[in-house]
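*Asks:* Sequence below, structure please.
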Amino acid sequence: MFPVLQVGDRRLIPEAIMQLLGEYQMLPQLVKELVIDDAIAQIKCNQEEEKIAIAQISQQYQLDSEAKRQMWLQQNNLTSEQLDAIAIRQLKLEKFKQTNWGEDLETYFRQRKPQLDRVIYSLLRTNDMALAQELYFRISEGEDSFARLAQEYSQGLEVETDGLIGPVELQSIHPVMVKVLSNIQPQQLVPPTQVGDWVVLIRLEKLLPAKLDNSMRQRLLNERFQVWLQTQMQEQKWQVMTPEIEVLQPLSISYS
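*Replies:* Down below sits the predicted model:
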């Protein structure tokens, strides 16, 4: 007897489930989880670590009473043992990340810091160079404020914030503007600069350097892990087998 998945009035046999996984493009996700399982198979956890992990997942889902826990398990079609296994798997995955990339995280942070630093800046953009020059001199001479002129003349969404943008990470900004903002001091106004189709006025208001705190450590660990996982997925091959034919397909997939 083969297991059957009951969904409403539909009863799905394994062959139908495999077909749907392919149609819904969920097979790569399944392969990814199997890659992770293989990676963490040798990771060891002691009983105290597992107990803490199980408590944390209960806190994460606000399962602070047995009634809530049982209701949540029923809604998600899980057993208590399966939920505990999920918690322990997450624990092993975090230990895997720490084992592989935790020791050189400070070096990686220093490499990434120029992109992770945040800035608050004022922006005014127009497609008229002559107007940009005029507005630049009016701001430089103190005849008008950047905020008022941005509100009146800017042609981007920054018009709604009087030209003020941020805090935003440098890596999310146009490369030309990154170069400009990385080489000026706070309150320094930059002459009209061509950025794509726009002529922009930029003034750095504040630089907020990235810090290697716990949140940043976790982010960078996840980043390193995702790069590794993407490489592993690109190297994987998966097989969909039927009694009649065996199909071998390369898996090429990108994860952000």
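*Asks:* what sits up against stretch 67-82?
*Replies:* The contact list for stretch 67-82 (C-beta atoms under 8 Å, 6 or more residues apart in numbering) reads 58, 61, 62, 63, 83, 86. In this view, the C-beta of every residue, glycine as well, is placed from N, C-alpha and C.
*Asks:* now that stretch: mean pLDDT?
*Replies:* The predicted model assigns stretch 67-82 a mean pLDDT of 95.
*Asks:* who touches stretch 171-185?
*Replies:* For stretch 171-185, contacts defined as C-beta under 8 Å, 6+ apart pick out 114-116, 119, 121, 170, 190, 193-196, 200, 202, 204.
*Asks:* Ok, stretch 195-205 next?
*Replies:* For stretch 195-205, the surrounding residues in contact (C-beta under 8 Å, 6+ apart) are 119-129, 132, 135-136, 139, 146, 155-156, 164, 166, 174, 176-177, 180-181, 184-194.
*Asks:* same check, this time on stretch 152-170
*Replies:* By C-beta under 8 Å, 6+ apart, stretch 152-170 touches 114-127, 131, 135, 146-151, 178, 181-182, 198, 205-206, 208, 210.
*Asks:* With stretch 129-140 instead?
*Replies:* Against stretch 129-140 from outside (C-beta under 8 Å, 6+ apart): 124, 126, 143-146, 149, 153, 189, 191-192, 199-201, 203.
*Asks:* Also stretch 32-46?
*Replies:* Identification of contacts with stretch 32-46 by C-beta under 8 Å, 6+ apart yields 53, 88-89, 91-93, 95-96, 99, 229, 232-233, 236, 253, 255.
*Asks:* pLDDT check: weakest of these?
*Replies:* For those, the weakest pLDDT value sits at residue 255, with 40.
*Asks:* circling back: of the contacts of stretch 67-82, buried ones?
*Replies:* 58, 63, 83 (16 or more other C-beta atoms under 10 Å).
*Asks:* Those into CSV, with extra columns for secondary structure?
*Replies:* Below are the buried ones among the contacts of stretch 67-82 laid out as CSV (DSSP: H, G, I helix; E, B strand; the rest coil):
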residue, secondary structure
58, helix
63, coil
83, helix
